[in-house]
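*Asks:* What follows is a predicted structure for the sequence shown.
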Amino acid sequence: MSVRRMWSLFVVASVAIAIAFMSLPASASPLLTEFAALKDLASRSVEYGRAISDSKPALVEFYADWCNICRAMAPTMAHLHETYGDRVNFVMLDIDDPSVQTQVEEFGVRGVPHYALIGELNRETGDHDSLTTLVGRYPDFVMENYVAQLLDS
């Protein structure tokens, strides 16, 4: 086979692959979808100061844009936010944001995603009771059980 023929086959194959890739729907790229879900959640989250001053329990998620597990958990967290958002404050804090370093230290964040589940405001002490901390990836039903426990506290 001549070099010219090999080059032609290479060009045709490259164009075919490019066309096939470009014709994929956006949902075919889970990383893009998960990243978009993570950014959407962050934009809809309750501000930390407001959540802490509110009497409702809170789920504080420490995340990072570069964190694959954070992105993979975004659909689960979106479902929880939609289901329980009227009864639980969902807070998202980007650990790479210098303005949240106080909270990162306060909650002892050593890995992401880091979830701090904080109970209702204790009227006697004026503080929220910290219930539990989770780090890493959890199945949907486990996260839902923790949020349900948060509401029962």
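*Replies:* Yep, that arrived.
*Asks:* Please make it C-alpha for all contacts and neighbour counts, starting now.
*Replies:* Noted.
*Asks:* For the most centrally placed residue in the chain, grab phi and psi.
*Replies:* With distances taken as CA atoms, centre = their mean, the residue of the chain nearest its centroid is residue 74 (3.9 Å). Note on residue 74: its backbone torsions stand at phi -60, psi -40 [degrees, to the nearest 10].
*Asks:* I'd say it and residue 37 touch.
*Replies:* Yes: if you go by CA atoms under 8 Å, residue 74 and residue 37 touch, sitting 5.7 Å apart.
*Asks:* dump the residue contacts of the residue lying closest to the residue nearest to the centre of the chain once chain neighbours are set aside.
*Replies:* Spatial nearest neighbour of residue 74, chain neighbours left out: residue 38 (5.2 Å); criterion: CA to CA, 6 or more residues apart in numbering. By CA atoms under 8 Å, 6 or more residues apart in numbering, the contact set of residue 38 is 65, 70, 71, 74, 75.
*Asks:* I'd like to know how far residue 38 sits from residue 70.
*Replies:* To residue 70, residue 38 is 7 Å away according to CA to CA, to the nearest Å.
*Asks:* swap in residue 133?
*Replies:* Residue 133 sits 15 Å away from residue 70, going by CA to CA.
*Asks:* of those two, who's got more company?
*Replies:* Set residue 133 next to residue 70 and count neighbours by other CA atoms under 10 Å: residue 70 wins out with 23 against 16.
*Asks:* in a helix, that's where that one is, yeah?
*Replies:* Yes: under DSSP: H, G, I helix; E, B strand; the rest coil, residue 70 sits within a helix.
*Asks:* Which strands and helices lie in contact with the helix or strand harbouring residue 60?
*Replies:* Element membership of residue 60, judged by DSSP states H and E, is strand 58-63. Here strand 58-63 touches strand 89-94, strand 114-121, going by 3 or more CA pairs under 8 Å, 6 or more residues apart in numbering; DSSP states H and E.
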